[in-house]
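>>> Sequence and predicted model, in that order:
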Amino acid sequence: MTYIQRVLAQLKSRDPDEPEFHQAATEILTSLAPVLERHSEYEKAALLERFTEPERTVIFRVPWVDDRGTVHVNRGYRVQFNSAIGPYKGGLRFHPSVNLSIIKFLGLEQILKNSLTGLPIGGGEGGSDFDPKGKSDGEVMRFCQSFMTELFRHIGQDTDVPAGDIGVGGREIGYLFGQYKRIRGEHSGVLTGRGLAYGGSLVRTEATGYGLVYMVEEAMRCRGDGFSGKTTVISGAGNVAIYACEKAQALGAKVVAMYDSDGYIYDKDGIKLEVVKEIKERERGRIKAYAERVKGSEYREGCRGIWNIPCEVALPCATQNEIDEASAKALVQNGVKYVGEGANMPTTLNGIAVFQQAGAVFLPAKAANAGGVATSALEMAQSSQRMYLPFEEVDRKLKSIMVGIYRAMDGAACEYGMRGNYVAGANIAGFVKVAEAMMAQGIV
Ligand code: NDP
Ligand code: 2IT
């Protein structure tokens, strides 16, 4: 058994009920084999055992009262995974599916993603099994206040800086920030994705989607290609999906489909993003309403069918494991050329293999969706300096970070003899810096 196999076997037997965490750890560790060959000292220092074990995991009770006076108890999480290169940084997810396995997979991915940005941020992730869908603003506020009443003691602008993820957007960050400020009595950069009126950064709202498209654009540019006229399918209809759509359309793509968790819309003439924004951002409604408002478009129940739509570019921007082997095969058969992961781990391990064997350009999440957290780090820098940067400047920095990540993962893949394998390239490029920082800091 190799060192990597032993560590994987150990973590699976120690925590057998964490399939998402096993999946992320398997993808990452197996691609690090060539790095470990060059660095036998890592095994002696139990580097991988430490890398895959969170520095700290906090699980807590979140009681709150709904509008009818009924008491509910949800579970809150914060996994502070790795602080070797900076304070823990990563999202908070509010979704009924949230459990420790999901938070750990997100946290592990976040360590390498944050390293890839080139900025000084460690990896963490948190959230709750609370479902904000269908709740009133008052209920969401009371939940957020209760959540922060425990979380505040574990976070801080120099220790751990949460942000949004599924189910946590501007509204939730506002309520969380208000409660933190009230308890601590300080107005600091403890959360990112804040509103512009109270310390947020321009471009943070758009950053993940824009960044994703900037990276796909760079991959196209390197192949003498571009977005113009390319039929594109985007899954999700939330923050990442909407701004990926906006930037892809600005570059001339024809986005024909999007979905929420109930079903997908297909608009052969190209999605009217204003209508999607109206439904999802302003009304907090369901995507189904699009087909009622836009003539010639269609709505179909269920999500998986979206991957049967012929497209050259696929941008999964909803959730983990939304593209399985069968969906990947359908995309390949229909001629997909570029797959850019906006969501975290949206493709199963077998799905990734299908894309790679077919020679599609596959840009993995930890590189392709790093624009959100990179802009969060720019928000932290602006908070520390007590100043704001203009939109154009943040956008320019975001683009240059995305191009930089593309080059770093492309370079690492070539250096280790795996040209075009961006999964390996991103894992290696992200890991090298974390490993160096961990080795320098001793056995901690
Ligand atoms: P949002 O909550 O804004 O939107 C999520 C979208 O995905 C919604 O349309 C939602 O549909 C859909 N979705 C969620 N869960 C499922 C599911 N189980 N099946 C089908 N559809 C689902 O979240 P974000 O856009 O912020 O996040 C999307 C993805 O991007 C996540 O994987 C997240 O981790 C990742 N990400 C987000 C970043 C950010 O800055 N926000 C940064 C980097 C990655 P419905 O409304 O019906 O639930
Ligand atoms: O998955 C992610 O990178 C995020 N949800 C954003 C994290 C952040 O701290 O901005």
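Here it is on my side, so go on. The shown structure was predicted, so the numbers you read here are calculated from the model rather than taken from an experiment. Numbering: from 1, shown residues only. Ligands and ions are numbered 1, 2, ... in the order given.

>>> Run through the residues of the protein sitting next to ligand 2.
For the chain, the residues in contact with ligand 2 (C-beta under 6 Å from any ligand atom) are 89, 90, 91, 113, 163, 165, 192, 344, 372, 373, 376. In this view, the C-beta of every residue, glycine as well, is placed from N, C-alpha and C.

>>> And those, which two are furthest apart?
The largest separation in these, counting by C-beta to C-beta, is between 192 and 344 at 16.9 Å.

>>> OK, contacts around the residue most central in space within the chain?
In the chain, the centroid-proximal residue (C-alpha atoms, centre = their mean) is residue 344; its distance is 4.4 Å. Going by C-beta atoms under 8 Å, 6 or more residues apart in numbering, residue 344 touches 105, 106, 109, 319, 320, 365, 366, 369.

>>> what's whichever residue of the chain sits closest to ligand 2 sitting at in phi/psi?
Per C-beta to the nearest ligand atom, residue 91 is where the chain lies closest to ligand 2, at 2.9 Å. Main-chain dihedrals, residue 91, degrees, to the nearest 10: phi -80, psi 180.

>>> ok now do residue 236, which residues does it touch?
The contact partners of residue 236, taken as C-beta under 8 Å, 6+ apart, are 258, 259, 260, 316, 317, 318, 319, 342, 343.

>>> can you tell me which of those residues are up against ligand 1?
260, 317, 318, 319, 342, 343.

>>> Neighbour count added to those, as CSV?
Listed next are the ones next to ligand 1 among the contacts of residue 236 as CSV, based on neighbours: other C-beta atoms under 10 Å:
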residue, neighbour count
260, 23
317, 28
318, 22
319, 20
342, 31
343, 27
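
>>> gap between the residue of the stretch 101-250 of the chain found nearest ligand 1 and residue 261?
Relative to ligand 1, the nearest point of the stretch 101-250 of the chain is residue 238 (1.7 Å; C-beta to the nearest ligand atom). Per C-beta to C-beta, to the nearest Å, residue 238 is found 10 Å from residue 261.

>>> Of these two, give the one with the bigger neighbour count.
Taking other C-beta atoms under 10 Å, residue 238 and residue 261 do not tie; residue 238 has more neighbours (24 against 15).

>>> my guess is that one meets residue 317, correct?
Yes. Residue 238 is in contact with residue 317 according to C-beta atoms under 8 Å; the separation is 7.4 Å.

>>> how near is the residue of the stretch 101-250 of the chain closest to ligand 1 to residue 156?
The gap separating residue 238 from residue 156 is 28 Å, by C-beta to C-beta.

>>> Residue 133 too?
30 Å.

>>> Tell me which of those two has more neighbours.
Between residue 133 and residue 156, residue 156 has the larger neighbour count (other C-beta under 10 Å), namely 17 against 13.

>>> show me what contacts the more buried one?
87, 188, 190.

>>> go again using 10 Å as the cut-off
The contact partners of residue 156, by C-beta atoms under 10 Å, 6 or more residues apart in numbering, come to 87, 88, 180, 184, 186, 188, 189, 190.

>>> Mind putting those residues into CSV with distance to residue 69, pLDDT and secondary structure?
Formatted as CSV, those follow (distance: C-beta to C-beta, whole Å; pLDDT from 0 to 100; DSSP: H, G, I helix; E, B strand; the rest coil):
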residue, distance to residue 69, pLDDT, secondary structure
87, 39, 98, coil
88, 36, 99, strand
180, 27, 98, helix
184, 30, 98, helix
186, 33, 96, coil
188, 35, 96, coil
189, 36, 98, coil
190, 32, 98, coil
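
>>> top of the residues you listed by neighbour count?
In the contacts of residue 156, the most neighbours by other C-beta under 10 Å go to residue 88, 30 neighbours.

>>> looking at the sheet around that residue, what are its partners?
For residue 88, the beta-bridge partners under DSSP bridges are residue 160.

>>> from memory it sits against residue 161, does it?
Yes. Using C-beta atoms under 10 Å, residue 88 makes contact with residue 161 at a distance of 7.2 Å.

>>> any shared contact partners between the two?
By C-beta under 10 Å, 6+ apart, residue 88 and residue 161 have these common neighbours: 121, 122, 124, 155.

>>> neighbour-wise, which of the residues you listed leads?
Neighbour counts for the shared contacts of residue 88 and residue 161 peak at residue 124, which has 32 neighbours (criterion: other C-beta under 10 Å).

>>> can you pull out the strands in this protein?
Taking DSSP state E, the strands of the chain run over residues 56-65, 71-82, 88-94, 123-128, 160-163, 231-235, 254-259, 263-266, 298-301, 313-316, 338-340, 361-363.

>>> Just the CA trace of the second one, in CSV.
Taking only C-alpha atoms (Å, rounded to 0.1, in the frame of the first residue of the first chain), the coordinates of strand 71-82 have been written out as CSV:
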residue,chain,number,x,y,z
VAL,A,71,-39.7,26.4,18.2
HIS,A,72,-37.2,24.7,15.8
VAL,A,73,-33.8,23.3,16.4
ASN,A,74,-31.3,23.2,13.6
ARG,A,75,-27.6,22.1,13.6
GLY,A,76,-24.8,24.6,12.9
TYR,A,77,-21.3,23.7,11.7
ARG,A,78,-17.9,25.4,11.3
VAL,A,79,-15.0,23.3,10.1
GLN,A,80,-11.7,25.3,10.5
PHE,A,81,-9.7,23.1,8.3
ASN,A,82,-6.3,24.6,7.6
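
>>> Any idea how far that strand is from the middle of the chain?
A distance of 18 Å separates the centroid of the chain from that of strand 71-82, by C-alpha atoms, centre = their mean, to the nearest Å.

>>> before we move on, back to that, am I right that the residue of the chain closest to ligand 2 is in contact with residue 165?
Yes. Judged on C-beta under 10 Å, residue 91 makes contact with residue 165 at a distance of 3.1 Å.

>>> Mutual contacts of those two, please.
103, 106, 125, 126, 127, 193, 344, 372.

>>> in the sheet, who's paired with the fifth one?
Each beta-bridge partner of residue 127 is listed here, defined by DSSP bridges: residue 77, residue 93.

>>> Use 795 as the first number from now on
I'll keep to 795 as the first residue from here, and by that count the last item is residue 921.

>>> which ones are touching it?
Contacts here follow C-beta under 10 Å, 6+ apart; on that basis residue 921 touches 869-873, 884-889, 891-893, 896-897, 900, 941, 956, 959-962.

>>> Filter these down to the buried ones.
Neighbour counting by 16 or more other C-beta atoms under 10 Å classes 870-873, 884-889, 892-893, 896-897, 900, 941, 956, 959-962 among these as buried.

>>> residues in contact with the closest residue in space to residue 982 that isn't next to it in sequence?
The spatially closest residue to residue 982, leaving aside those adjacent along the chain, is residue 951, at 4.5 Å (C-beta to C-beta, 6 or more residues apart in numbering). Contact analysis of residue 951 by C-beta under 10 Å, 6+ apart lists 881, 980, 982, 983, 984, 985, 986, 1174, 1177, 1178.
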